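In: Just a sequence and a predicted model for now, questions to come.
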Amino acid sequence: MYNLVMTLLIIVSILIVIATMMQPQKQQDALNALSGGAVFSGQTKKRGFEAFMEKVTSVLLVFFFVFAIILAYMSSK
């Protein structure tokens, strides 16, 4: 059981890296960030691929933390 959870944790870790790298980048220059333009750009609703990738990353992170907690519990016994 320990090996199964460890394998699932490794797979989820790799998928988190892939999902993070697939997310679209926000191209903002330093002047825009310093002038406060970066504050208002985050208030628009994400749509399409960007929203999907954010949800996938969130679900994978939940799985990662659940598997990590289970693994920590199993290794303490």
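Out: Received the coordinates, thanks.

In: Pick out the residue nearest the middle of this protein.
Out: residue 57 (3.8 Å; CA atoms, centre = their mean).

In: how many neighbours does residue 12 have?
Out: Neighbours of residue 12 under the rule other CB atoms under 10 Å: 20. Where C-beta positions appear, they are placed from N, C-alpha and C, glycine not excepted.

In: three-state assignment of residue 47?
Out: coil (DSSP: H, G, I helix; E, B strand; the rest coil).

In: Look up phi and psi at it.
Out: Dihedral pair for residue 47: phi -140, psi 160, per degrees, to the nearest 10.

In: Could you give the number of residues near it?
Out: Residue 47, neighbours per other CB under 10 Å, totals 8.

In: And it, how far from residue 24?
Out: The spacing between residue 47 and residue 24, counted by CB to CB, to the nearest Å, is 11 Å.

In: list the helices and strands the host helix or strand of residue 60 packs on?
Out: Here residue 60, judged by DSSP states H and E, is contained in helix 49-76. Applying 3 or more CB pairs under 8 Å, 6 or more residues apart in numbering; DSSP states H and E, we find helix 49-76 packed against helix 2-22.

In: picking that back up, how far out from the middle of the chain is the helix holding residue 60?
Out: Computed by CA atoms, centre = their mean, to the nearest Å, the chain-centroid distance of helix 49-76 equals 8 Å.
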